[in-house]
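Visitor: The following comprises the amino acid sequence and a computationally predicted model.
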Amino acid sequence: MRFFYIRHAPTEANMSGDMVKDYDSFSIMPFDTSKWHEKVGINLPKDFKLFVSPAKRCQETAKALFPTHEYKILNSLEEFDCSVLNGKKFWEISEEEFNQITKFDKKQMFERCKTMLIEIANNAFIDDNVVIIGHGFYGRLLCSYWMEDNDSVYNILNSKNFQLRNLDMVYSVDKEIKSVYRWN
């Protein structure tokens, strides 16, 4: 399978970096979909299966980018909850403080990535093109999983070694990242 992972369009909370409660209720900000298709979407194949996080902002992004395309919601694509940071921006705290507050387990997080990939494999054929619309942290974690790197969860969240901004797209085949297409 060929995977195209797209991070959802920006929201007000995500542009400020605030870790807010009820983030799933935030809508995306307006953006020029035709320019996205000219710059990033041009790299997509014509035929693909579309999988989307259950979050409102991911579904809105799917409808904005692919208004006539049907998609399947995958609960395993749900965002990792960082609201325990209580309004702090994640880059404003040390890795030690982050680990004390969040208790994220990278192995368990990778298991969720594997679960998502298995769900997709159960709904697509080996030669299918797969487009996934999800979250930045999830996307960076998935890329970390594919690259088999040793980065800490804190470094992945903070984009220390790999960035995935809103509306960027990662293209991967057989766990190898082939390209990253940047929106901005």
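Guide: Yes, it's here. Predicted, not measured: the structure shown is a model, and the values here were computed from it.
Visitor: Which residues lie in contact with residue 8 in this structure?
Guide: Contacts for residue 8 (CB atoms under 8 Å, 6 or more residues apart in numbering) come out as 28, 53, 55, 57, 58, 60, 61, 133, 134, 135, 166, 167. In short, each C-beta sits where N, CA and C put it, glycine included.
Visitor: let's go with 6 Å and repeat that
Guide: Contact analysis of residue 8 by CB atoms under 6 Å, 6 or more residues apart in numbering lists 57, 58, 61, 133.
Visitor: If you rank those by neighbours, which is first?
Guide: Within those, most neighbours by other CB atoms under 10 Å means residue 133, with 30 neighbours.
Visitor: Tell me if that one really is in a strand.
Guide: Yes. Remark: residue 133 belongs to a strand, assigned using DSSP: H, G, I helix; E, B strand; the rest coil.
Visitor: What's opposite it in the beta bridge?
Guide: Applying DSSP bridges to residue 133 gives these bridge partners: residue 6, residue 52.
Visitor: And the pLDDT for it?
Guide: Per-residue confidence at residue 133 stands at 98 (pLDDT).
Visitor: pretty sure it is touching residue 6, no?
Guide: Yes. Look at residue 133 against residue 6 with CB atoms under 6 Å: they come within range, at 5.0 Å.
Visitor: in the protein, which residue is closest to the centre?
Guide: Closest to where the C-alpha atoms of the chain average out (CA atoms, centre = their mean) is residue 135, at 3.0 Å.
Visitor: for the residue nearest to that one when sequence neighbours are not counted, helix, strand, or coil?
Guide: Take residue 135 and drop its neighbours on the chain: the residue closest to it by CB to CB, 6 or more residues apart in numbering is residue 79, 4.4 Å away. Taking three-state DSSP as the rule, one finds residue 79 in the coil state.
Visitor: Residue 79 against residue 136, yeah?
Guide: No. Using CB under 6 Å, residue 79 makes no contact with residue 136, being 8.9 Å away.
Visitor: State the number of residues packed around residue 168.
Guide: Neighbourhood size, residue 168 [other CB under 10 Å]: 18.
Visitor: just residue 103 next, same as before
Guide: By other CB under 10 Å, neighbour count at residue 103 equals 9.
Visitor: Please shift the residue numbers so they start at 605 in all later answers.
Guide: Yes, from this point I'll number from 605; that puts the last item at residue 707.
Visitor: Quick check: it vs residue 713, distance?
Guide: 11 Å (CB to CB, to the nearest Å).
Visitor: again, but for residue 741
Guide: With distances taken as CB to CB, residue 741 is found 9 Å from residue 713.
Visitor: Settle it for me: which of those two has more neighbours?
Guide: residue 741 (21 against 18).
Visitor: secondary structure element for that one?
Guide: Assigned by DSSP states H and E, residue 741 belongs to helix 740-751.
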